[in-house]
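Engineer: Everything below, folded, please.
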Amino acid sequence: MKYSSPYIFYPDNRALETAIASAVDMLGGDYSEAARPDTGVTTADNFLHTRGNFEQQRFSTNILASAREVTEASLADIKREQEPGVWADTRNILGNILAAMAQQQHDTALFEKAIQCFNDALEVISQADSPLDWAEMQANLGTALQALGRLESDAKCLKNSVDAYTSALLVYSKKETPEQWKLIMLQMGATLHAYAKLLKGNRTFQKSVVAYKNAIAELDADNYPFELAAAHNNCGAVLHNLAESEGNTERLQEAIRSYETAWTVCMEQQQPIHLAVLCRVNKTTAQSALAELTQDHALADEVADEFELIIECFPHALQPLCLKHCEERLGKMRAMAEEASA
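Structural biologist: Presented below is the predicted three-dimensional model:
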């Protein structure tokens, strides 16, 4: 079956930001200014947190090519046998930079080079000797595999991503490393969701829901407002697709509640307005699916009004494809509502 595509939110990539910071240090002072993002632009970035796994806000993406060059040059001077830890750490830095460039350019070959960097580093760093470094590299590997798997609709990559995150969880725990554990749960949920859509497997959808609910149980709105909103929104997206697979109205109602909670967190915690709008679009889309599934003409009329309100009130927060989606759903719901009064 063909699943709908609710908007998914991806957290900032902290490993990437650390990698870029290391590369900027190697580049020297002349590059520090060029690496800074343009904060003078006030127009909202309507794609922020929706593009994928390799997003960051602390640096300009224009620095990536120079960061790659200096990191590769640094590697040429490091002997794997003599300085294995330094060599592995530098490969890890390069892997994150290559993966960010791969996402930006939609370049499969660059993703494969990034994945090879992480695998090379993991040949040197062991779980027994350096557990936290090993877990971080497993997590980075999982993130790159997830991004490539989504780009290529490659089930094998997504399965390998799940395996890498599972390996990281051999070290990361809710008690000892709570921050890393929460973020891995977020990423695991996203990977399992993408994997389930390819497998068309309800059990994998359910595993994704569990991962997101694990994250939700540990995230709080004061310290992790975006991550909490993302977990609720993304969990709603999984429940939405699972409801489509099962033809289950209760799942759809649960998805609607998840989207509603995500919207509430975005508004109360003053997250970027486009994120709140996308939660609202997701929620209204799920309501339209519920109206169609139950043939509820009164709900269809309410949903049409809501889509009309979104389009009229938030034109600057909608991406062109999102606007097109809202207009199409508005037309369908209005036609459905008019059938009842004909």
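Engineer: alpha carbons only for contacts and neighbour counts from here, please
Structural biologist: OK.
Engineer: and the gap between Gly52 and Thr166?
Structural biologist: 20 Å (Cα to Cα, to the nearest Å).
Engineer: And for Ser341?
Structural biologist: 54 Å.
Engineer: next one: Met185
Structural biologist: 10 Å.
Engineer: what's the answer for Pro272, then?
Structural biologist: Taking Cα to Cα, one finds Pro272 at 32 Å from Thr166.
Engineer: how about the closest residue to Asp296 other than its chain neighbours, what does it touch?
Structural biologist: Distances taken as Cα to Cα, 6 or more residues apart in numbering place Leu290 nearest to Asp296, at 8.0 Å, with adjacent residues excluded. Going by Cα atoms under 8 Å, 6 or more residues apart in numbering, Leu290 touches 249, 252-253, 296.
Engineer: Now with 10 Å, please.
Structural biologist: Neighbouring residues of Leu290 by Cα atoms under 10 Å, 6 or more residues apart in numbering: 240, 243-244, 247-253, 256, 284, 296, 299-300.
Engineer: Please apply the same query to Leu192.
Structural biologist: With Cα under 10 Å, 6+ apart, Leu192 has these contacts: 146, 158-159, 161-162, 198, 203-209, 211, 238.
Engineer: Return the subset of these lying in helices.
Structural biologist: 146, 158-159, 161-162, 198, 203-209, 211, 238 (DSSP state H).
Engineer: State the phi and psi torsions of Ala65.
Structural biologist: phi -60, psi -40 (degrees, to the nearest 10).
Engineer: residue boundaries of the helices in this protein?
Structural biologist: In the chain, the helices defined using DSSP H lie at 14-27, 32-35, 64-76, 84-105, 108-124, 131-152, 155-168, 178-199, 202-218, 225-246, 249-268, 273-294, 297-313, 320-341.
Engineer: Measure how buried the closest residue to Arg51 other than its chain neighbours is and give me the count.
Structural biologist: Distance criterion Cα to Cα, 6+ apart; nearest residue to Arg51, sequence neighbours excluded, is Tyr10 at 7.5 Å. Tyr10 is flanked by 22 other residues according to other Cα atoms under 10 Å.
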